[in-house]
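Trainee: Show me the folded form of this:
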Amino acid sequence: QVQLVESGGGLVQAGGSLRLSCAASGRTFSTKAMGWFRRAPGKEREFVATINWNGSWASYTDSVKGRFTISRDNAKNTVYLQMNSLKPEDTAVYYCAQGRGSVDYSAGGGNYDSWGQGTQVTVSS
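Mentor: Here you go, the predicted structure:
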């Protein structure tokens, strides 16, 4: 059973930056895609970003392109989400997830089988 623990959330002013981390247990991290998702109050969970098993490919939802960067360190079993130029509409609980395969081309939540508990990101205007 993979355990994922997010950290790095908090309160930041619009235009600021945060870096989320997600530490994974187990031996499968380096072979699996990883993703970040978020759920804003009163909204459905949405895909934010995904990265393939070795970090050579990544994909983002349109609303964060150019502002967010996903990366991973397989030696540390950790995936990151660098968030710059934050906007109030980025306010949400952010979740990391481990993919069922080595890459996720469709950005679907069903492609992930392990989830963290989430970390709150609040962006004030």
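
Trainee: distance of the residue nearest the centre of the chain from Ser125?
Mentor: Centroid-nearest residue in the chain: Trp36, 2.2 Å away (criterion: Cα atoms, centre = their mean). Trp36 sits 23 Å away from Ser125, going by Cβ to Cβ, to the nearest Å. C-beta coordinates here come from the backbone N, C-alpha and C atoms, glycine included.

Trainee: Show me where the protein has its strands.
Mentor: For the chain, applying DSSP state E gives strands covering 4-7, 10-13, 18-24, 34-39, 46-51, 58-60, 68-73, 78-83, 92-99, 112-115, 119-124.

Trainee: Glu117 - how many residues pack around it?
Mentor: You called it Glu, but residue 117 is Gln. For Gln117, the neighbour count with other Cβ atoms under 10 Å is 11.

Trainee: so what's it up against?
Mentor: By Cβ atoms under 8 Å, 6 or more residues apart in numbering, the residues touching Gln117 are Leu4, Val5, Glu6, Tyr95.

Trainee: Can you list the buried residues in the least confident helix or strand in the chain by mean pLDDT?
Mentor: Within the chain, no helix or strand scores below strand 112-115, which has a mean of 95 by mean pLDDT, DSSP states H and E. For strand 112-115, a neighbour-count test (16 or more other Cβ atoms under 10 Å) marks Tyr112, Ser114, Trp115 as buried.

Trainee: CSV for those residues, including distance to Gln82?
Mentor: Below are the buried residues of strand 112-115 laid out as CSV (distance: Cβ to Cβ, whole Å):
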residue, distance to Gln82
Tyr112, 20
Ser114, 22
Trp115, 21
